[in-house]
Structures are given as structure tokens and as C-alpha cells.
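K.L.:
have a look; sequence and predicted model below, questions after that.
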Amino acid sequence: MAAHVGTLPRTRKKPEGLTGFLITVIDYMTTVDHKRIGVMYLGASFVFLLVGGLEALLIRTQLGASNLKLIAPDLYNQLFTMHGTTMVFMAVMPFNAGFGNYFLPIMVGARDMAYPRLNALSLWTFLFGGLFMYASFLLGGAPNAGWFSYAPLTESNYSVTHGMDFWVLGLQMLGVSSTLGAINFIVTALNLRAPGMRINRMPLFVWMTVVTSFLLVLSLPSVSIAMILLLFDRNLGTNFYIAKMGGDPLLWQHLFWFFGHPEVYVMILPAMGIISEVLPTFARKPIFGYSFVAYSGIAIGFLGFTVWAHHMFAVGMPPIVNAAFSLGSMLIGVPTGVKIFNWIGTLWGGNIRYSTAMLFAIGFIGMFVIGGIGGVFLGSPPVDYQITDTYFVVGHLHYVLVGGALVGIMSGFYYWFPKMTGRLLSEALGKTHFVLWTTGITLTFLPMHLLGILGMPRRIYTYYGDMGWDTWNLIQTFGAYLIGAGALLFLFNVLKSLRSGEVAGNDPWDGATLEWATSSPPPAYNFATTPIVGSRRPYWDHKHGGQGDSGAALEMGAPEHIHLPSPSIWPMVLAFGVMVAMTGMLYMKDLAESWAIGDMSVNPVVVLLGVVIVLFAAMNWQNEVSAGK
Ligand code: HEM
Ligand SMILES: [Cu+2]
């Protein structure tokens, strides 16, 4: 019965110095290992988080007092658009994809994701898509119509730079990346689970990642289509969103929010999954009401598709429509409340260890509840009429996304860092980070609710001194700097631990799920032999008594031949080709015009070049697969 989840000896020694470094770079560029891909996802997301955070600090500094003119108004629009777009699509979502990549396969006892090369393609399309969008700052101006890009602001006569084209094409790449990743997560969780790992024994983080993946697959097409129509409007003379030509700007809002509302659950559900792992571990109890936590996640995902027009209460829909969408929005509060009761039930009577991961998880509950209650207010049409498009909305969304999603992600970092690196993060620095963030988040986002009620509109560049908004704005700006300091402290903590952190061992928190049963960091093949699972908390039951609810809680299967897919450069080349083609597409309008006057433009050449790279990479990829690598 004894489980030996050991490691096999290392097969290869790395040279030192520059050669070693180059080998590492090439290793990462060609890797198909879900853990390395996960680490790259997490690292890139953190860089984007810092960039998006810098943009936020610039915005907050400009708003710190009335009548300031520190940034040009035009740049201000670009900053708040890129801030929102970055945080949503290049920070929170890929953080979730990073943890999902690293831990979902290990937690279900698999060797890798179902489609390892496709997984690499997801990573590279995300990275190139993000870089592509940021290139806009240097190529004539970044997108500037807000992260929701409402028509008709986005049409070519209002948004004259190529910024919106960058936004549309870059976001298409990020959407492709998310769709591929989502399919991979679903197939992995449904098909590659270890023997005995029934659906209702899957860790809750896996559950939430699966629900999230379904949301992505079902909602992304809506925004993809909306963006293609916008691209046509801007470049080919169609009028999908132009009212005076018979189009409808509200079509954009419907298509966008049919994606946009499920998207908010895409951001929060994985964080809910993380804290559903952290809370029981540090309360030293099983999660209270496992099935309720899992099924309420499904209910939230399902209801999430019925409420999108609550973002549009004030556009003049008939009252009965507003009422229906209000009802749906209020209903979502029920499964959300169920989860919150279950988390509190998990803490109740627990033998609690207040580690940094645990503090962030508890902080999540408190701050998410504040954000959720703000949401319930906004879900009431008469209330929303008063506060839509004010700072109240900004307060609400930041409580759920920073106080909720990002704080949950941080809990995940403190929890899983020792597994990923073999070293502990400093608890003292971690707790300081926690204090900086909770104080900073409260000072920055709580007063926004008040300012919203006082009438301060969102997306304004500056305001007059006699509005009475100065004091709170100054406090908010101060709070924002505290959040920034916390993020830098976290970075310092990570770098310090990587060099000289305390060695963690395989199971520093007395964990319950399979990732703690292998070494830290885990070997490429995760487990030397396949784990056989007989419990919802296989490793915990194995350590504390051995029995699961059917036979042994955890056994290791017979030795077997380990097959791992070989590295491949082609996913990266393919993603690069897509970026090249997108670059050509950017100048579609100039192309249409140059055709009209009959001279040749370089753009079709660039598009063609991109397509050739894509086809070349796809062919080589296919050859590798047929060669059985
Ligand atoms: C009980 C649950 C919730 C309800 C009833 C709710 C309701 C609303 C409503 C009605 C709005 C539109 C406000 C307006 O524009 O006038 C809104 C905005 C928003 N909510 Fe929620 N919300 C809930 C939970 C969440 C969660 C969990 C998240 C994300 C993790 C979230 C993220 C957002 C975002 C990002 C916006 C702003 C969108 C924009 O930029 O215009 N909400 N919420
Ligand atoms: Cu919504």
C-alpha cells in the first residue's frame, strides 16, 4: 500500500555559462511540457500585470487632484483602454491559464495535457498577441475606446489611428489562444484522469477550470464575430454598427456582453477554485459541501449566459426586458452565496494556520462579498439608472477583479510556489504584502462607490475643484501606490526565494491533492508510476490512515514505459506566422484604397508571408506527429 512517488534519475547534465543559458532558452522555446508552459504563462502574466499596473498608476496620478494636466488627454484614453485590456486579457486570464496548465494535469494524475503541442501554441499565440497589441504604442497610437470598445466610438471617423485595428486583431489572437487552451483543459480533465479519479473526486480547482473552459468555448465566438464586423466597418466600408446608415451600435453591446459577462466568471471561477484548495488545507478539514461548491460553479456558469444585458439597462430596452435581466442577475447571487457559506463552513471549527496563502484566501472571501453586493445594487435597473457609467461601477468591478480574482491568484502563488520551485516564499514579506494590498485595495476602491453616488463619471480625464471629489481622489491615488508597492514586494520575495529561499520539501502544507505527492518541483513525467486514487483527498487520507472511500486512498501503479512527447519549435513558429499575417491585415483599409486607385501595396505580401509561415509550420508539425514523436 505504501505509495512511492519518487523521481527517476536525471538523464542529462547542463553545461554552465552562456551555452547553458542558450540551451535553457531553446528548451523553453520548444517545450511542450505543461509545467514549463505554465511557468511561462505565469511569468508573462506577471510582466503584463506590472505594465498594466504602471498604466493604472499613471491614470490614478492624473486623477489625484482636480485640474491636473500631467498626461495628454489623448494618451489618457489609450492608457485606460490598454490598462483594462491588459488586466483582463493579458494578466488575470493567463494567470488562470498558467495555474491550470501547471496543476490541472498533476491534480488529476496525468503526465501532461491532452494536446501538448497545441498547448504550446496557446502560449505563443497569447504572447505574440499581447506583444502585437502593445506594438501599437509605437506604431501610431494604442487602442483608445475603453476595454469594451463601444460603437460608434470605434468607427474609423472617431478612432482614426490604427489603434482599434490593433485591438481587434490582437484580441483575436488572444481569443484563439484561450479557445485552444480551453479545449485542452476540457479534454485533459475528462479523458486523462488517473484510475479511480472519478469526476466527483476531482479537486475543486480542476472543476472550476473545466467550467471556465466551457464558458470560454461558448462565449468567445460572440466577441470574435463582433470584432470581425467592426474590422469590416472600419476598413471595408460596411455599416454594421453605424446608425445613420441603418446599422445598430447596440448590436456591438449585445455581442460584446454576451461574451463579456461570462468573461467575468472566467476571471473569478479559477480564483474560487484556488481558495477551495487553500481553505481546507490550512483549516485542516475537508471542504464543507464539496458537491455544492462544484455544482454551484456549474450553476454560476450557466446563469452567466442569461444576464449580459444588465450592462445595458440604460440604453432604452423595454422595462420587461430590463426586469428579466435583473431577475437573472439577482439569481446568480444564490449559487454565489452557496459557495461563500461553504467556505465559511470550511473555516468553522477548523484548526486554522494563518499562512500567507490562507490570509489571501480569507481576504478573497471578504473583498469578493463587498464586490458582489455592489453587483446586486447594480443589478437593479432603477438603481443602475443612477449609477451606471459612474465610479460606482469602477468600484464594483475592481472589488471583484482585484479584491477577488487577483487576491485569489496571489493565494495560489503563495500556496503553490514551493511546489513549482522547491523553495518557500518568505512568510514575513508575504504578510507585509497582504497588509499592503488589503489596505491599498480598501483605500483605492471603496471610496469609488461614494464618488460614483456623488456623480463622478468614469473615463473622465480630469474634473473641476468645486465638485467635492478632491479628497477621496487623493486618498485613492495613495492607495493605488500601496498596491503597487505590494506587487513589487512580491516580486522581490520571489526573486529572493529563488536564490536563497528555505527548501520546501515535497509537502510543506500537509496537502490533500496529488500534486503534493510528487517531488518539488515535479519531474517532467509528474509521477514515476500512475497513481490509483480511492478518495477525494487521496494524499491526505494516504498519510493519515490510508483508507479512502473505496479501498486504499492512494496507491502507485505498476512500473510502465514513460512516453513524453518530444520538444517542437513549430507551435511557436506557427503563432509567429499568425502575428505576421495580422500585421499585414492592419493596413487592410490602405489596401482597399490602393486597389481602388490601382497601385500595388506591400500589405498583401505581408499577409501572404504570414500565411506561408503558418502553412510551413503546420506541415512540419504534422510531419513530427506522423513520425510518432
Ligand atoms: C452577484 C453578482 C454580480 C452582479 C449582480 C453584477 C452586476 C453588475 C452590473 C449590473 C454591472 C453593470 C453596471 C453598469 O455598467 O451600470 C456590472 C459591471 C461589471 N461587473 Fe459585475 N456583477 C456581479 C459580479 C461580478 C463578478 C463576479 C465580476 C468579475 C469577477 C464582475 C465584473 C464586472 C465588471 C468588469 C463590470 C464592468 C464592466 C464595464 O467595464 O462596463 N461582476 N456588474
Ligand atoms: Cu455582467
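P.N.:
Right, received. Where do you want to start? Ligands and ions are numbered 1, 2, ... in the order given.
K.L.:
CA atoms for contacts and neighbours, from now on please.
P.N.:
OK.
K.L.:
and the pLDDT for Ile597?
P.N.:
pLDDT for Ile597: 44.
K.L.:
no wait, Gly20
P.N.:
The model reports Gly20 with a pLDDT of 88.
K.L.:
again, but for the one 10 residues further on
P.N.:
pLDDT, the model's per-residue confidence, is 95 for Thr30.
K.L.:
for the spatially most central residue of the chain, pull up the helix or strand it's in.
P.N.:
The centroid of the chain falls nearest to Met93 when counting by Cα atoms, centre = their mean (1.2 Å). Following DSSP states H and E, one finds Met93 within helix 93-107.
K.L.:
and that helix, how far out from the chain middle?
P.N.:
10 Å (Cα atoms, centre = their mean, to the nearest Å).
K.L.:
mean confidence score for it?
P.N.:
98.
K.L.:
ok, and what's touching that helix?
P.N.:
34-42, 45-46, 111-113, 181, 185, 188-189, 192, 202-203, 205-206, 209, 266-267, 270-271, 409, 513-515, 526 (Cα atoms under 8 Å, 6 or more residues apart in numbering).
K.L.:
quick check: Ala142 touching Val168?
P.N.:
No. Counting by Cα atoms under 8 Å, Val168 is not a contact partner of Ala142; they are 11.5 Å apart.
K.L.:
so which of these two has more stuff around it?
P.N.:
Ala142 (26 against 23; other Cα atoms under 10 Å).
K.L.:
OK, contacts around that one?
P.N.:
Contact analysis of Ala142 by Cα under 8 Å, 6+ apart lists Gln78, Met82, Met133, Tyr134, Ser136, His162, Gly163, Met164, Phe166.
K.L.:
can I get those in JSON lines including secondary structure?
P.N.:
As requested, the contacts of Ala142 are exported to JSON lines (DSSP: H, G, I helix; E, B strand; the rest coil):
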{"residue": "Gln78", "secondary structure": "helix"}
{"residue": "Met82", "secondary structure": "helix"}
{"residue": "Met133", "secondary structure": "helix"}
{"residue": "Tyr134", "secondary structure": "helix"}
{"residue": "Ser136", "secondary structure": "coil"}
{"residue": "His162", "secondary structure": "coil"}
{"residue": "Gly163", "secondary structure": "helix"}
{"residue": "Met164", "secondary structure": "helix"}
{"residue": "Phe166", "secondary structure": "helix"}
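K.L.:
which of the residues you listed lies closest to ligand 1?
P.N.:
The shortest gap between ligand 1 and any of the contacts of Ala142 belongs to Met82, at 12.6 Å (Cα to the nearest ligand atom).
K.L.:
now, the contacts of helix 93-107 that are in helices?
P.N.:
34-42, 45-46, 181, 185, 188-189, 205-206, 209, 266-267, 270-271, 409 (DSSP state H).
K.L.:
now narrow these to whatever sits close to ligand 1.
P.N.:
Checking the ones in helices among the contacts of helix 93-107 against ligand 1 by Cα under 6 Å from any ligand atom, the ones in range are Met267.
K.L.:
which stretches in the stretch 501-629 of the chain count as helices?
P.N.:
For the stretch 501-629 of the chain, the helices defined by DSSP state H, counting those that start in this stretch occupy 538-543, 570-585, 588-596, 603-626.
K.L.:
need the residues that contact the longest one.
P.N.:
Helix 603-626 has contacts (Cα under 8 Å, 6+ apart) with 568, 570-571, 573-585, 587-588, 591.
K.L.:
for Pro571, which non-adjacent residue is spatially closest?
P.N.:
What sits nearest to Pro571 in space, not counting adjacent residues and going by Cα to Cα, 6 or more residues apart in numbering, is Leu121, at 4.6 Å.
K.L.:
who's in contact with the one you found?
P.N.:
Taking Cα under 8 Å, 6+ apart, one finds Ser177, Pro571, Met572, Leu574, Ala575 in contact with Leu121.
K.L.:
among those, which one sits closest to ligand 1?
P.N.:
Distances from ligand 1 to the contacts of Leu121, taken by Cα to the nearest ligand atom, are shortest for Ser177, at 20.5 Å.
K.L.:
the closest residue to that closest one other than its chain neighbours and Ile569: what is the separation?
P.N.:
Take Ser177 and drop its neighbours on the chain: the residue closest to it by Cα to Cα, 6+ apart is Ser122, 4.3 Å away. Ser122 is 13 Å from Ile569, where distance means Cα to Cα, to the nearest Å.
K.L.:
what is the burial count for Tyr84?
P.N.:
In this structure residue 84 is Gly, not Tyr. 18.
K.L.:
for it, helix, strand, or coil?
P.N.:
Secondary structure, three-state DSSP: Gly84 is helix.
K.L.:
distance of it relative to Gly452?
P.N.:
Relative to Gly452, and taking Cα to Cα, Gly84 is found at 19 Å.
K.L.:
and for Phe492?
P.N.:
For Phe492, the distance to Gly452 - Cα to Cα - is 36 Å.
K.L.:
show me which of those two is the more surrounded one.
P.N.:
For Phe492 versus Gly452, neighbours defined as other Cα under 10 Å are more numerous around Gly452 (22 against 13).
K.L.:
how near is that one to Leu127?
P.N.:
36 Å.
K.L.:
which bits of the chain sit near ligand 1?
P.N.:
264-265, 267-268, 310-311, 329-330, 332-333, 372, 375-376, 378-379, 384, 388-389, 393, 397, 400-401.
K.L.:
let me see the backbone angles for Leu153.
P.N.:
Leu153 adopts backbone torsions of phi -50, psi -30, taken as degrees, to the nearest 10.
K.L.:
report the contact partners of it.
P.N.:
Neighbours of Leu153 in contact, by Cα under 8 Å, 6+ apart: Ala145, Ser159.
K.L.:
any idea of the pLDDT on it?
P.N.:
At Leu153, pLDDT is 94.
K.L.:
now for the chain, the helix or strand with the poorest mean pLDDT.
P.N.:
helix 588-596 (a mean of 60; mean pLDDT, DSSP states H and E).
K.L.:
can you give me the neighbour number for Gly246?
P.N.:
Neighbour tally, Gly246, other Cα under 10 Å: 10.
K.L.:
just to revisit the earlier point, could I get the contacts of Ala142 as TSV with neighbour count and pLDDT?
P.N.:
Shown next, in TSV, are these (neighbours: other Cα atoms under 10 Å; pLDDT from 0 to 100):
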residue	neighbour count	pLDDT
Gln78	19	97
Met82	26	98
Met133	24	97
Tyr134	20	97
Ser136	19	95
His162	19	91
Gly163	24	94
Met164	28	95
Phe166	27	95
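K.L.:
where does the stretch 451-600 of the chain dip in pLDDT?
P.N.:
By pLDDT under 70, the weakly predicted segments of the stretch 451-600 of the chain are 589-600.
K.L.:
give me that answer again for 90
P.N.:
For the stretch 451-600 of the chain, the stretches flagged by pLDDT under 90 are 545-552, 556-566, 584-600.
K.L.:
now swap in the stretch 151-300 of the chain and tell me
P.N.:
156, 160-161, 235-237.
K.L.:
helices of that one, start to end?
P.N.:
Counting by DSSP H, counting those that start in this stretch, the helices of the stretch 151-300 of the chain are 163-191, 204-236, 249-283, 290-303.
K.L.:
same list, these, but as a markdown table with distance to Ile562 please.
P.N.:
Formatted as a markdown table, those follow (distance: least, Cα to Cα, whole Å):
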| stretch | distance to Ile562 |
| --- | --- |
| helix 163-191 | 18 |
| helix 204-236 | 24 |
| helix 249-283 | 29 |
| helix 290-303 | 32 |
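K.L.:
tell me what angle the helix or strand hosting Ile373 forms with helix 249-283.
P.N.:
Using DSSP H and E, Ile373 maps to helix 356-378. Helix 356-378 and helix 249-283 are oriented at 150 degrees to each other (axes from the mean of the first three to the mean of the last three Cα atoms, to 10 degrees).
K.L.:
for helix 356-378, name the packing helices and strands.
P.N.:
helix 249-283, helix 319-347, helix 381-387, helix 391-398, helix 407-421, helix 427-453 (3 or more Cα pairs under 8 Å, 6 or more residues apart in numbering; DSSP states H and E).
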